[in-house]
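Asker: next comes the sequence, and after it the predicted model I'd like to discuss.
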Amino acid sequence: MRRNEDVALLFDHIAELLTLKNENPFRIRAYQIAAQKIRALSDDIEEIARQGRLDAIPGVGKALAAKIQEYLETGRLQYYEKLKQEVPITAADLLEVPGIGPARAHVLYQSLGITTIAELLEAAREHKLRDLPGFGPKVEERIAREAGRLVQRTRRLLLGVALPHAEEVISLLQPHPAVEAIAPAGSLRRMKETIGDIDILVASRQPDVIVEAFANLSVVKEVLATGSTRSSILTRDGLQVDLRIVAPDEWGSALLYFTGSKEHNIALRGLAQDQGWKLSEYGLFDREGRRLAGRTEEEIYHALGLDWIPPELREDRGELEAARERRLPQLVELDEIRADLHVHSDWSDGHDSPQRIVEAAVTRGYEYIAFADHSQSLTVARGLSPQQVREQHRLIAHLNERYAPFRILHGAEVNILPDGTLDYPDEILELFDLVIVSVHSALDLPRDRMTARLLRAIRHPAADILGHPTGRLLPNRPPYDVDLEQILRAAADYRVAVEINGQPDRLDLDDVWSRRAIELGALVSTNSDAHAVRQLEHMRYAIATARRGWVEARHVVNTWPLGTMLEWLERRLPARRYRRSSQGIRN
DNA sequence: GCCGTTTTCGGCCCGACTGTTTTCAGTCG
């Protein structure tokens, strides 16, 4: 799996360099499409190359197949090396500046030798741009402004930050009598892990009234821009929200269009085109210009011979083919979740008492829960000593009497030590009903040692769930170096579930690896990793990530009824079965 | 550079907007 991403990245870079050379845009697109298709492959590209089937990959023809072959065999690509000498790869940054596309970037590099945003900013301020072909005073001014903003750019928002804000704005605007429909759009509706802009779409016959109402919402700090059917505001929390208003008749086509992804839309338009039809944000039209669909998304998908595709899947990663063949996944839903298996209490680094957490879990409609406080070596998080574990065990038995039939499982988030052993002796590990094994230290081990470390932990008979399997923290801490493919295979073999952790800065596994996990037959567990009652809410982000990974309820252990869960927990530790009968728990 | 019940050339997603132009190219979403 690892080289797939290398090849995809190589093609993305080639596309950027060709863009800067102002090459044929369709040739550039060919590289971009190939990169995307290679990313979406579930098979190892090296294996495909060995079988001589590279040109069977959609978007890869003879020329690209040869380039992939050369790159895989030699680790280099002559064509790319040559391109890099013609145009420095840093110049690709210029394309990020709004107002600069292929043509202007090319002119900037060719005539002024500009290759960085800093150089661009300087040149704009010295008025060196206005006389270039295709530029003028207005463009120069805009570039200076946008480049300046980019230099001190605010990062993309985490889904867990953007979504609550969007929902607040929507809840304020929704009751307005002129609003006929309202929904988030863009990457937010697709539930991507990070969001560029918060986009909200409204259907209304009175756009001017909506624009006015939007500007006067209580959360608005500043109106940034306004027009007849659109408006941008800055909220008191400093987030930008863009609103667009469309006619109710065009709601479906507009929602489809503004939800994206761009790649999904392009593919969809291709399907329309195959019929001689035309799809735009205004609707689906036949060759005489008659409107075939547009009021709802369902109408449009159906007219194109497709099942309606949930927004989380709209990335052109095979969802269109699946929709045509009526084999879209039945994506897991939040209300199918019966338990949260990863919750911290104030015994370790959580903020709330076990009682409060249990009551909140009952309120959320869960049937059971597992506490997963930290283990002894994680002193910064007040990890529990063996003595405390025994005390907690007694407390949980007591809570189970009090809250029956709600069931509290005594779990733990046990550190995987650098050598792959677990952070408690076996007699303590056997006390737990459920054990999450996680890495919290020595994150920079070399790949082979990190892989061996995780494999050893998975093989331990007490291990039930591999917690946040890659250790990444958005946006700054990358995943640790590990052969995840091998880890997921082992997890499938030992029936250890891999976690989809719902903390907004983790979402770990991510969508792509979640999909790979279920392809390999692994079970997953969606968890909040809550450190306070309020954060039980993070389950929704775990579910969103799972859905983006094509995960169905049958893959998710915490959709299971308690009885099934207990059977699974007993699979390698019969001691747990003994405990179930001694506590008089029935299914 | 890819692709093909409009197959080996001539297409390749669509429409709006802006500013630079003198009829339209470039950019964006």
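Answerer: Ah, there it is.
Asker: need the residues of the stretch 451-587 of chain A near DNA strand B, please.
Answerer: Within reach of DNA strand B by CB under 7 Å from any atom of the strand, the stretch 451-587 of chain A has no residues at all. Every residue, glycine included, has its C-beta placed from N, CA and C.
Asker: touching DNA strand B at all, stretch A:30-46?
Answerer: Yes. Using CB under 7 Å from any atom of the strand, stretch A:30-46 comes into contact with DNA strand B via A:Ala30, A:Tyr31, A:Ala34.
Asker: by neighbour count, which of those wins?
Answerer: A:Ala34 (26 neighbours; other CB atoms under 10 Å).
Asker: so for it, what's the pLDDT?
Answerer: We have a pLDDT of 90 for A:Ala34.
Asker: now chain A against DNA strand B: closest residue?
Answerer: Residue of chain A nearest DNA strand B, by CB to the nearest atom of the strand: A:Gly136 (1.8 Å).
Asker: now that residue. Nearest residue, chain neighbours left out?
Answerer: Of all residues not flanking A:Gly136 in the chain, A:Arg130 sits nearest, at 5.9 Å (CB to CB, 6 or more residues apart in numbering).
Asker: count of neighbours near the residue lying closest to A:Glu193 once chain neighbours are set aside?
Answerer: Leaving aside its chain neighbours, A:Glu193 sits nearest to A:Leu507 (4.8 Å; criterion: CB to CB, 6+ apart). Residues lying near A:Leu507 (other CB under 10 Å) number 29.
Asker: again with A:Leu328
Answerer: A:Leu328 has 20 nearby residues by other CB under 10 Å.
Asker: phi and psi next, for the residue lying closest to it once chain neighbours are set aside.
Answerer: Leaving aside its chain neighbours, A:Leu328 sits nearest to A:Ala322 (4.9 Å; criterion: CB to CB, 6+ apart). When read as degrees, to the nearest 10, the backbone of A:Ala322 gives phi -60, psi -40.
Asker: next, count neighbours for A:Ala322.
Answerer: With other CB under 10 Å as criterion, A:Ala322 counts 17.
Asker: returning to that earlier point: these two touch, right, the residue nearest to A:Gly136 and A:Ile143?
Answerer: No. A:Arg130 is not in contact with A:Ile143 according to CB atoms under 8 Å; the separation is 10.0 Å.
Asker: picking that back up, confirm that the residue nearest to A:Gly136 sits in a strand.
Answerer: No. Counting by DSSP: H, G, I helix; E, B strand; the rest coil, A:Arg130 is not found in a strand; it is coil.
Asker: so who does it touch?
Answerer: A:Gly136, A:Pro137, A:Val139, A:Glu140 (CB atoms under 8 Å, 6 or more residues apart in numbering).
Asker: and what of A:Tyr541?
Answerer: Counting by CB under 8 Å, 6+ apart, A:Tyr541 has contacts A:Leu159, A:Gly160, A:Leu163, A:Met191, A:Gly502, A:Gln503, A:Pro504, A:Leu507.
Asker: distance of the last one relative to A:Arg53?
Answerer: Between A:Leu507 and A:Arg53 the computed distance is 33 Å (CB to CB, to the nearest Å).
Asker: do the same with the fourth one
Answerer: Distance of A:Met191 to A:Arg53, given as CB to CB: 34 Å.
Asker: between those two, who's got more neighbours?
Answerer: Comparing A:Met191 with A:Arg53 by other CB under 10 Å, the one with more neighbours is A:Met191, at 22 against 13.
Asker: once you drop chain neighbours, what's closest to the more buried one?
Answerer: Sequence neighbours aside, A:Ala544 is the residue nearest to A:Met191 in space, at 3.8 Å (criterion: CB to CB, 6+ apart).
Asker: again with A:Arg477
Answerer: Distance criterion CB to CB, 6+ apart; nearest residue to A:Arg477, sequence neighbours excluded, is A:Gly471 at 7.3 Å.
Asker: one more: A:Gly294?
Answerer: Spatial nearest neighbour of A:Gly294, chain neighbours left out: A:Gly283 (2.9 Å); criterion: CB to CB, 6+ apart.
Asker: most centrally placed residue in chain A?
Answerer: A:Glu193 (3.6 Å; CA atoms, centre = their mean).
Asker: residues in contact with that residue?
Answerer: A:Glu193 is in contact with A:Leu158, A:Leu159, A:Leu474, A:Leu507, A:Asp510, A:Asp511, A:Thr545, counting by CB under 8 Å, 6+ apart.
Asker: how about 7 Å then?
Answerer: Taking CB atoms under 7 Å, 6 or more residues apart in numbering, we find A:Glu193 in contact with A:Leu159, A:Leu474, A:Leu507, A:Asp510, A:Thr545.
Asker: do A:Lys128 as well
Answerer: So A:Lys128 contacts A:Leu112 (CB under 7 Å, 6+ apart).
Asker: from the residues of stretch A:30-46 next to DNA strand B, pick the one nearest A:Ala372.
Answerer: Nearest to A:Ala372 out of the residues of stretch A:30-46 next to DNA strand B is A:Ala34 (CB to CB; 42.7 Å).
Asker: so that closest one touches A:Phe11, yeah?
Answerer: Yes. Using CB atoms under 7 Å, A:Ala34 is in contact with A:Phe11, at 5.3 Å.
Asker: what about the stretch 1-150 of chain A, any weak spots by pLDDT?
Answerer: Across the stretch 1-150 of chain A, the ranges flagged by pLDDT under 70 are A:1-2.
Asker: which positions in it make contact with DNA strand B?
Answerer: Proximity of the stretch 1-150 of chain A to DNA strand B (CB under 7 Å from any atom of the strand) is limited to residues A:24, A:26-27, A:29-31, A:34, A:55, A:58-65, A:79, A:97-105, A:130, A:133-140, A:142.
Asker: go through these and flag which are in helices.
Answerer: A:26-27, A:29-31, A:34, A:62-65, A:79, A:102-105, A:137-140, A:142 (DSSP state H).
Asker: can you list the low-confidence ranges for the stretch 151-300 of chain A?
Answerer: Using pLDDT under 70, the stretch 151-300 of chain A drops low at A:152-155.
Asker: near A:Val439, how many other residues are there?
Answerer: 24.
Asker: in space, what's closest to it - neighbours in sequence excluded?
Answerer: A:Ile416 (5.0 Å).
Asker: all strands for the stretch 301-450 of chain A, in order.
Answerer: Taking DSSP state E, counting those that start in this stretch, the strands of the stretch 301-450 of chain A run over residues A:339-343, A:368-374, A:407-415, A:434-438.
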